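> based on what follows, work out the 3D shape:
(chains A and B)
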Amino acid sequence: AQSVTQLGSHVSVSEGALVLLRCNYSSSVPPYLFWYVQYPNQGLQLLLKYTTGATLVKGINGFEAEFKKSETSFHLTKPSAHMSDAAEYFCAVSPSGGYNKLIFGAGTRLAVHP
Amino acid sequence: NAGVMQNPRHLVRRRGQEARLRCSPMKGHSHVYWYRQLPEEGLKFMVYLQKENIIDESGMPKERFSAEFPKEGPSILRIQQVVRGDSAAYFCASSDRGQGLAGTPYEQYFGPGTRLTVT
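The predicted structure follows:
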């Protein structure tokens, strides 16, 4: 069975600092991987996704993630945090060869302080 | 181009009542997914529907929960005889296709959610 683990339910960074949100997955088949962002009282918005090809994926708002098969990881990074990045971030996995059933991690709440 | 719409945004029900949640997918989308988010947890898949068909309901509780996506109108998630443990945010997502070549997934677009509170 596939699962997603996000290390750290809360992460706090200073404005301008590096953002690193960790995601590890377990899957018996090559998965598709996603990062979503959720702002308060809103639905989820796709930040980026990995399906095949280049393992470094660039997304919206300056975020990027790297798929590392050997480490079963898909960590999300941004070089310089902005106040508007404060939100909850979810990593998700979808089994390959199937439809879009998404399995989510528990989420990481990112706080950005001045 | 309107996104995925859900209503109501907030719903309060007493124990034993029925809750009916509606989801209108994006225009042109015929695939709908329902997820539940319990407090302090991630989203959990409940059910996947196409027009008039339930494709996968493996995440639905066996009792009291049902879902439909009729030929005309929104998708409905119905919870009968609600209990306190049903209090959660329920999100609907839609896509225009189920999967592409080699099973590559299509993006799911999420609605703002319905927050159900059972008193």
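
> switch to C-alpha atoms for all contacts and neighbour counts from now on
Fine.

> what's the residue nearest the centre of chain A sitting at in phi/psi?
Against the mean C-alpha coordinate of chain A, by Cα atoms, centre = their mean, the closest residue is A:Trp35 at 3.4 Å. A:Trp35 adopts backbone torsions of phi -120, psi 130, taken as degrees, to the nearest 10.

> in terms of pLDDT, where does it sit?
Here, the pLDDT recorded for A:Trp35 equals 95.

> return the distance of it relative to B:Thr117.
Distance, A:Trp35 to B:Thr117, using Cα to Cα, to the nearest Å: 28 Å.

> B:Ala89 too?
Distance from B:Ala89 to B:Thr117, by Cα to Cα: 9 Å.

> relative to its centroid, which residue of chain A is most remote?
A:Pro114 (23.3 Å).

> that one is in contact with A:Ala17, isn't it?
No - the criterion here is Cα atoms under 8 Å, and A:Pro114 misses it with A:Ala17 at 10.2 Å.

> can you pull the buried residues of stretch B:82-91?
B:82-83, B:86-91 (16 or more other Cα atoms under 10 Å in any protein chain shown).

> mind listing the strands for chain B?
Ranges of strands in chain B, per DSSP state E, are B:5-7, B:10-13, B:19-24, B:31-37, B:43-50, B:53-56, B:65-68, B:75-79, B:88-95, B:109-110, B:114-118.

> any chance of the ones you listed in JSON lines, plus distance to chain A and mean pLDDT?
Below are these laid out as JSON lines (distance: least, Cα to the nearest Cα, whole Å; pLDDT from 0 to 100):
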{"stretch": "strand B:5-7", "distance to chain A": "10", "mean pLDDT": "96"}
{"stretch": "strand B:10-13", "distance to chain A": "10", "mean pLDDT": "98"}
{"stretch": "strand B:19-24", "distance to chain A": "13", "mean pLDDT": "98"}
{"stretch": "strand B:31-37", "distance to chain A": "8", "mean pLDDT": "94"}
{"stretch": "strand B:43-50", "distance to chain A": "6", "mean pLDDT": "93"}
{"stretch": "strand B:53-56", "distance to chain A": "9", "mean pLDDT": "92"}
{"stretch": "strand B:65-68", "distance to chain A": "16", "mean pLDDT": "97"}
{"stretch": "strand B:75-79", "distance to chain A": "17", "mean pLDDT": "98"}
{"stretch": "strand B:88-95", "distance to chain A": "7", "mean pLDDT": "94"}
{"stretch": "strand B:109-110", "distance to chain A": "5", "mean pLDDT": "90"}
{"stretch": "strand B:114-118", "distance to chain A": "9", "mean pLDDT": "96"}
